[in-house]
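Novice: here is a sequence together with a model predicted from it:
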Amino acid sequence: MRPIRVAIADDHAIVREGLTRLLDSYPQIEVVGTAKGGLAAVELAQTRTPDVFLMDIAMPDLDGISAIPRLTQASPTTRILILSMHDEPEYAQAAIRHGAYGLVSKAASTETLVAAIQTAFRSEPIPSGQTLSPRERQILAMIAIGETNDQIATRLSIRPKTVDHHCQRLMEKLDIHTRPGLIAYAKRIGICPAD
């Protein structure tokens with residue numbers, strides 16, 4: 001199987017170089033290019049058509065969120081993962097609204113980042129939401145608006161451990177193993193909270 005073609009956009013050279021070295025150490029990933037700004041990222045997507053694009057939010061000339069629609073237009077098959085120092089739900093929601101697959105915190109482990117890349121790459125076709133139980137759909141909808149497991153447990157009057165169990169079942173059923181991946185999936189199939 002061919003390696004996953006990954007591009008990286010970040011305005012800090014040390015981050016670009018570090019991520020390139022890190023990801024190139026995985027035989028299933030090939031870094032095909034880097035960019036230091038949003039406009040250069042769009043151009044890179046057009047010329048190299050990566051499978052997955054890792055993009056910072058704060059960049060010169062065009063920020064990561066604003067670059068998403070242009071990048072998607074330049075390379076429709078590329079999945080975009082936003083890399084951010086911030087893992088607040090509003091950043092993930094803004095990224096997904098603009099067309100990103102999800103958001104990965106820069107504080108995440110290497111294993112989490114690689115899993116997110118693999119999940120984004122494998123994301124077509126999107127699995128059907130019909131295989132989910134009503135409770136799983138309800139919990140997925142709450143994940144989609146950025147609620148934590150503790151908040152979900154409080155709202156549904158169930159134990160946090162029960163929410164953890166439902167989240168594990170969701171990830172297994174959907175073959176999506178990151179929270180940003182679940183959020184992106186929920187948005188794509190139109191699951192919304194029933195409030």
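Specialist: Arrived safely, thanks for sending.
Novice: phi, psi of the residue located most distally from the centre of the chain?
Specialist: Distance from the centre of the chain peaks at S157, with 29.1 Å (C-alpha atoms, centre = their mean). The phi and psi values for S157, taken as degrees, to the nearest 10, are phi 50, psi 50.
Novice: likewise S66?
Specialist: Dihedral pair for S66: phi -70, psi -30, per degrees, to the nearest 10.
Novice: so who does the closest residue to it other than its chain neighbours touch?
Specialist: Nearest non-adjacent residue to S66, counting by C-beta to C-beta, 6 or more residues apart in numbering: G38, 6.5 Å away. The way it works is simple: take the backbone N, C-alpha and C, and place the C-beta from them, glycine included. Contacts here follow C-beta atoms under 8 Å, 6 or more residues apart in numbering; on that basis G38 touches A9, M55, M59, P60, D61, L62, D63, G64, S66, A67, R70.
Novice: lowest-confidence entry in these?
Specialist: Within the contacts of G38, pLDDT reaches its minimum at P60, with 82.
Novice: which residues sit in contact with that one?
Specialist: Taking C-beta under 8 Å, 6+ apart, we find P60 in contact with D11, K36, G37, G38.
Novice: now swap in A95 and tell me
Specialist: With contact set as C-beta under 8 Å, 6+ apart, A95 has these partners: I57, G64, I65, I68, I80, I82, G102, L103.
Novice: so the first one touches S84, yeah?
Specialist: The one in question is I57. Yes. Counting by C-beta atoms under 8 Å, I57 touches S84, with 5.1 Å between them.
Novice: what's the first helix or strand after the worst-scoring helix or strand of the chain on mean pLDDT?
Specialist: Lowest by mean pLDDT, DSSP states H and E among the helices and strands of the chain is helix 89-97, with a mean of 70. Heading C-terminal from helix 89-97, the first helix or strand you meet, by DSSP states H and E, is strand 102-105.
Novice: which other helices and strands does the top helix by length along the chain contact?
Specialist: Scanning the chain for the helix with the most residues, using DSSP state H, yields helix 160-174. The elements that helix 160-174 packs onto, with contact taken as 3 or more C-beta pairs under 8 Å, 6 or more residues apart in numbering; DSSP states H and E, are helix 134-144, helix 149-156, helix 179-189.
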